[in-house]
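A structural model of the following input is requested.
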Amino acid sequence: MSTKSVRAFVTGRVQGVNFRSTTREKALATSVSGYAKNLSDGRVEVLICGEEEAVDSLVEWLWHGPEGAHVTDVSLEQVKEAHVPESFTTA
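The predicted structure follows:
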């Protein structure tokens, strides 16, 4: 199985709507690691590392987010040499 790491920047109404904690729940359910953190410009940064199919699934979910979120954009960066965290955290 192929693994990959991506960094996503999620734009829209994504802070103050449980976006990070719900992303963590979804990540742990799909066995990916990484983090979700708020950025000072109102976006959420998400690092996702794991099996390619699981990473792609979580990226797709980011376009919807939890109830109350309104995602307007998800931009992705492939991460070639990421320090792969052991779990998924929020900051």
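
switch to C-alpha atoms for all contacts and neighbour counts from now on
Will do.

Please give me every residue in contact with residue 10.
43, 44, 45, 46, 62, 63, 71, 72, 73, 74, 75 (CA atoms under 8 Å, 6 or more residues apart in numbering).

Next one: the second one from residue 2, what distance?
In this structure, residue 44 and residue 2 are 26 Å apart, going by CA to CA, to the nearest Å.

Who has more neighbours out of those two?
Each of residue 44 and residue 2 has its neighbours counted (other CA atoms under 10 Å); residue 44 has more, 21 against 7.

picking up where we left off before, drop anything exposed from the contacts of residue 10.
43, 44, 45, 46, 62, 63, 71, 74 (16 or more other CA atoms under 10 Å).

How many residues are close by the closest residue to residue 91 other than its chain neighbours?
Closest residue to residue 91 apart from its sequence neighbours, by CA to CA, 6 or more residues apart in numbering: residue 37 at 4.8 Å. By other CA under 10 Å, 18 other residues sit near residue 37.

partner residues bridging residue 37?
Applying DSSP bridges to residue 37 yields these beta-bridge partners: residue 45.

was I right about it contacting residue 48?
No - judged on CA atoms under 8 Å, residue 37 makes no contact with residue 48 at a distance of 11.9 Å.

Name the single longest strand found in the protein.
Using DSSP state E to define each element, the chain has its longest strand at strand 3-13.

rewinding a little: what residues do residue 37 and residue 48 have in common as contacts?
With CA under 8 Å, 6+ apart, residue 37 and residue 48 have no common neighbours.

one step back: just the closest of the contacts of residue 10 to residue 20, please.
If you rank the contacts of residue 10 by distance to residue 20 using CA to CA, residue 44 comes first, at 7.7 Å.

measure that closest one to residue 13 for me?
Residue 44 sits at a distance of 10 Å from residue 13 (criterion: CA to CA).
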